[in-house]
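Student: below is the structure, and that's it, no one-letter string:
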């Protein structure tokens, strides 16, 4: 399947790599199908692109939040586990949306609303945490222990 992407131009994707977000994403309830794309120049695979299959201009830079915040933790509600058909925690990928800034050191990560993806079922949801412990614009370069001081 050929799609237009915001950052990588037109590319070919395999339909089995499409992740369905049944409820869409907050603010984009009509967008249900996304694909995770590697950034070709990113040698460390720290960042990826979550690209809408339908809308070329809708793409988010995402990362594994544990690269930056090893102490990051939360518990999924049973309803989310059922909705995403999660059988084993090993089937889950947790990602967070990054807001890039200039200079890069001022970029932030959204720890308040992680993306939960069951990669075995290709189902995803942006899960808004019911805690004030995490922020939507957490610095990429600051640890949680420093943020809490």
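Tutor: Arrived safely. As the structure is a computational prediction, the values presented were derived from the model and not from experiment. Residues are numbered from 1 along each chain as shown.
Student: distance of the residue most central in space within the chain from residue 83?
Tutor: Centroid-nearest residue in the chain: residue 95, 3.7 Å away (criterion: CA atoms, centre = their mean). According to CB to CB, to the nearest Å, residue 95 and residue 83 sit 17 Å apart. Yep, even glycine has a C-beta here, placed from its N, CA and C like the rest.
Student: repeat that for residue 133.
Tutor: 23 Å.
Student: which of those two has more residues huddled nearby?
Tutor: residue 83 (16 against 13; other CB atoms under 10 Å).
Student: what bits of the chain have low per-residue confidence?
Tutor: For the chain, the stretches with pLDDT under 70 are 42-44, 142-149.
Student: could you pull out the helices for it?
Tutor: 78-83, 144-148 (DSSP state H).
Student: the residue lying closest to residue 24 once chain neighbours are set aside and residue 52: what is the separation?
Tutor: Counting by CB to CB, 6 or more residues apart in numbering, residue 31 is the residue found nearest to residue 24 once chain neighbours are left out, at 5.1 Å. Residue 31 is 5 Å from residue 52, where distance means CB to CB.
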